[in-house]
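[1] Got a sequence here, can you build the structure:
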Amino acid sequence: MTHGAPGAQGAEGGAAGGDAARPGSTRGDGTRPGSTRGDGSTTAQRGADDGAPTVVAVRRAGLSAAEVAERVARGDVNDVPVRSSRSAADIVRANVFTRFNALIGVLFLIILLVGPIQDGLFGFVILANTGIGIVQELRAKRTLDSLAVIGESRPAVRRDGRAVELPTSGIVLDDLLELGPGDKVVVDGEVVEAAGLEVDESLLTGEADPVLKRPGDPVLSGSFVVAGTGAFTATRVGREAYAAQLAEEASRFTLVHSELRNGISRILKYVTWMMVPTAVGLILSQLYVESRDVDEAVRRMVGGIVPMVPEGLVLLTSIAFAIGVIRLGRKQCLVQELPAIEGLARVDVVCLDKTGTLTEGGMDVTELRLLDGADPAHTRRVLGALGAADPRPNASLQAVKDAYPAPAEDGWHCTGTLPFSSARKYGGAAFTEPDGTRGTWLMGAPDILLPAGDPLLAGIDDLNAQGLRVLLLARTDAPLGAPAPEADTDGRGSGHRGGSGDRGTDSDRGTGTDADGGTAEGTRPVALVVLEQRLRPDAPDTLAYFADQRVDAKVISGDNAVSVGAVAGKLGLPGAGTPVDARRLPQEPEAMAHALEDGAVFGRVTPQQKRDMVGALQSRGHNVAMTGDGVNDVLALKDADIGVSMGSGSEATKAVAQIVLLNNSFATLPSVVAEGRRVIGNIERVATLFLTKTVYSVLLALLVICWQLPYPFLPRHLTLLGSLTIGVPAFFLALAPNKERARPHFVRRVMRYAVPSGLLAATATFVTYLLARAHYGGAQALRAETSAATLTLFLVALWILAIVARPYTWWRIGLVLTMGLGFLVVLATPLLQDFFQLRLVGTTMPWTAVGVAAATAVLLEIAWRAVRRRLAAEEAAEAARPGSAGAVG
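    Okay, here's the model as predicted:
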C-alpha cells in the first residue's frame, strides 16, 4: 500500500488509468476497446492527442501452454537464484573450513600422536561447537526459506488470455507480464501495453524522475512502477537480465555494514599477529627447556598455543544471529540481511510512513461534501467512473470505489487517464458521458489542486485537524497532464513558521506547477470526499517503546501536514502538535537536518524528499531506520541504514527492505530491536571473555619464553579452565535477554576491558607459578606447580566472568556458582584429579594461590571501573560534539 488515494492528503492511489473497467465505445474500425480481434489480441483505448499520458496498447493473450512447455524444454527460464539463505553446503563449509579450525586441527593431530588423549579434549570441544553452529544455522536457513516463500514476489503473467500469479522462477522467455503501481519489473522486457505507465529506474540508473513508458519501450529488471498500468513481453530472463547481472552474488547473508562482524574480523587480525610470533617462540622455548622429554615439550607447547585461539567467538556470534532469525521468524518477521538485526538495535532515529504503518491500510468514506450546488447523483456517478477507471486502486481510491460503485448505465466512456503519482499528488480521467458530454476530472490533494488563498482551504484545514483525509474532486477544461494549479505556498496550517525552501515539485513530465508559477485555468471544485483513517491499535505502545528507548520517531508522509499531525497526536507522539509542511523545508542538507532534528511530523513529503531527509539525518551522524509499504517509500528505504517494509506492501518496497514484517504489524519492531540489542550486548560480553583468554595466554607464553621455564599448563588444564570460565557460560550469556542500549565502537570497548583483564590474569598466574617453583621440589614438583597456577588462573577467570555477568539475576548468579562448583568437584574427585593431573599439595601454596587471586580481583574491580568511567566520558564528549548523534541505540 502507498500513502493514500489519488492525490489525497498524501494519499497514493488515484483515478489512474487502465482499460479493464472502461465501458465499451466503438472505434473507427468497428471494434470496441477491450474487444477481441481476429488475431487473438484486443484493442485498448488511446487518449486524445492533446498530451494526455494514456497510450495506445494492444491487449494480447500471452503464451499458450504449449509455447511455455517449448521454452521450458529449451531452458529459456528465469533461473536466477532466489534471494535467500546460503545453501546447506555453504553453511557446512563456512563452519568447518576456517583458519582457526585448521590450526586447532593440526594441534589436535599432534596430540593424538604424542598422547595422552585427555590432552586432546580441545579437539572434541571444537567438533561439538562446530556441530552446534551448523545445526543452528541450518535451523535459521529453514526459517528464512519458509518465510521467503510467503513473502516472495508473484507477478501476474498472462497466459492463454488469463492472468495468473506465478513465482518469478516460473517465468519464461516471451511471457507477457502485467504491471501496476508498486509492481517490480522482475525480468527485462519490451512494453506492449501502457496506460499512463510510469517506471522508476533510479535504483539502476540513479535518475530520480520516473520515465513514461509507451509500447515498444524497453523496461529493465530492478525498476518499479510508480503510476499507471501496462504489460510487457519478457525479452531477457534468468542471469541475462540486467538486475541479475548486477546482483549475481547478492544474498541474504551478505554481512555488509555490520560493526559487530567487522569488529570481530579486526580483532581476529590482531590476534593472528600476536599469535604467530608468540607461538614460534614458545615452540623453540619448550623444545629447549624440555629437551630431555620431547613429548612433554610438545604437549606444553600445544597447551600454550590452543588458548590463544578465540575459536568460540565467531561460532557464538553466528549462533546468536541464527537464534535471532529463528525467534523473529516465529513472529512472522523476515530478515533479508542478517546485519539488519544488529542495525535496527543501533538506530537512534526511525522514520515512519503514516499510511500502512501508524494507520491500517483500509479507509472509509465518511462524508461527501458538495460544492457550488453540484448535482449529488451526477457527482456520485463521476466518482464511480473514476474508481472503475483504475484497475489497481490503492486504499483511498478503494474506499471511494466501495462507497460509489461504477455507473450502472452504459455509455460512460473513458477517453484518457492520468495515473496518480506521489510527486503529483493527484490523478484523473476524461470521460464521454451517456448524453455525449465530454469532461475531464481530477481528484487529489486540495492544497495541490487549489490555488493558494482559496477560501475553501480554510474549511479543509479544520477537517485535517481532526485527522481526516480529504480529497478534492474537480472538473477542469485543461487536458490531462497539464500543469496543476499552484499549491499552498505560504505554509498556512503546516505548523511551520519562518522556514524557507521550495515546495516539492514534479519533474518536467507535465505535472505540478509550471515554470512561471501559473495555474491551470478552468479548474472548478465540485466536491470534497472525506475519508477516515483506521489507526493501528498497537501503534501507541510501539511509539511509547521507542520514546522510552530514546529513539526519535519522525513521521514523514505525503499527506497534508495538519492531518498527519492530528493522527500522530492521537497516538501520543511527542511533537505532533507542530507538524511541518515539507514544501517549506530548506533544500540545503545541513539546514534540512537541523529542521528534521527539531520536528517530529512532516507532511506533503515527495518520494525524493523522503530520500533527501534520510540522507540529511545520516549526515548528522544518525543511524536511520525507515519503515514504509508504498512505492513512494522505495528510495528512502534503499538509502536508510535499515529499511523495514510491511508484508502487504508493494513488491518494490519488499525487494529493497532488509526486514519485512509479514504480519503487517508495526508492533513487531520492538521485538526486532530487542533481538538486535541481545545480539550486540551479549556478543560484547562474550568477546570480552574470549579475548581476555587470548591476552593472558599470549602474555604467559611471552613470560615463559623470557624466563626459559616449562609452560605451566597442559592442554587439558586450559580446556577445563576455558570450558568452565568461558565456553559454557558464554553460550548461556550469548543467548540471554539483554535490553541494554547498543553502543558504538565495539572493538574499542572490548579491547579496553580485555587487555587489562588479561594482563592482570597472566601476571597473577605467573607470580603464583614462580612462587610454587620456589616452594616445591622433587620429581613431582612441576605437577604441583601447575596445580597452584591453575587454581589462581581459575579464580581470576571466574571473577572476570562474575564481572561480565553483571547486572546479576538469579540465573546469572547460579551460572557463576555452578562453574565454581564444577572446578571444586574436579579438585575433590580422585579420578578427575588423575585425569586432569590436578592435585593441590600442602596448604601453603594453595592458600597463597587464593590470596594472589583475591588481590587480583580487587585490581580487576579498580581497572574495570576506571575503564567504564573513561568510556562514559568519551561517549559523552562524542555526543556533545556538533553534528554527532552520540551514543546511539
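[2] Got phi/psi on the spatially most central residue of the chain?
    Centroid-nearest residue in the chain, with Cα atoms, centre = their mean: Gln658, separated by 3.1 Å. Backbone geometry at Gln658, expressed as degrees, to the nearest 10, gives phi -80, psi -30.
[3] quick one: contacts for it?
    Contact partners of Gln658, counting by Cβ atoms under 8 Å, 6 or more residues apart in numbering, are 335-337, 339-340, 343, 642-644. In this view, the C-beta of every residue, glycine as well, is placed from N, C-alpha and C.
[4] how about 10 Å then?
    Counting by Cβ atoms under 10 Å, 6 or more residues apart in numbering, Gln658 makes contact with 252, 256, 334-341, 343-344, 625, 637, 640-645.
[5] Identify the residues contacting the closest residue to it other than its chain neighbours.
    Closest residue to Gln658 apart from its sequence neighbours, by Cβ to Cβ, 6 or more residues apart in numbering: Ala340 at 3.7 Å. Going by Cβ under 10 Å, 6+ apart, Ala340 touches 252, 257-258, 324, 328, 333-334, 625, 641-644, 657-659, 672, 676.
[6] of those residues, buried ones?
    252, 258, 324, 328, 333-334, 625, 641-644, 657-659, 672, 676 (16 or more other Cβ atoms under 10 Å).
[7] Inside helices: which ones of these?
    Using DSSP state H, 324, 328, 672, 676 are the members of these that sit in helices.
[8] Now do the helices in the stretch 251-400 of the chain.
    Secondary structure of the stretch 251-400 of the chain (DSSP state H, counting those that start in this stretch): helices located at 259-289, 294-305, 311-330, 339-346, 376-388, 395-403.
[9] Need the winner for burial among those helices.
    Highest mean neighbour count of these: helix 339-346, a mean of 27 (counted as mean count of other Cβ atoms under 10 Å).
[10] circling back to that earlier point, which of the ones in helices among the buried ones among the contacts of Ala340 lies closest to Leu127?
    Comparing these against Leu127 with Cβ to Cβ places Gly324 closest, at 24.8 Å.
[11] In space, what's closest to the closest one - neighbours in sequence excluded?
    Of all residues not flanking Gly324 in the chain, Glu675 sits nearest, at 4.4 Å (Cβ to Cβ, 6+ apart).
[12] Any buried residues in the helix or strand harbouring Thr763, and which?
    If you go by DSSP states H and E, Thr763 is part of helix 746-775. Buried residues in helix 746-775, counted by 16+ other Cβ under 10 Å: 746-747, 749-773, 775.
[13] before we move on, what about stretch 190-200?
    Neighbour counts over stretch 190-200 (16+ other Cβ under 10 Å) mark 191-200 as buried.
[14] All the helices of the stretch 751-889 of the chain, residue numbers only.
    Under the criterion DSSP H, counting those that start in this stretch, helices of the stretch 751-889 of the chain are mapped to 781-804, 810-828, 830-836, 844-880.
[15] From the chain's centroid, how far away is the shortest one?
    The one in question is helix 830-836. The chain centre lies 52 Å from the centre of helix 830-836; the measure is Cα atoms, centre = their mean, to the nearest Å.
[16] hmm, who's touching that helix?
    Contacts to helix 830-836, defined as Cβ under 10 Å, 6+ apart, come from residues 116, 118-119, 121, 714, 716-717, 719-720, 786-787, 790, 825-827, 829, 838-840.
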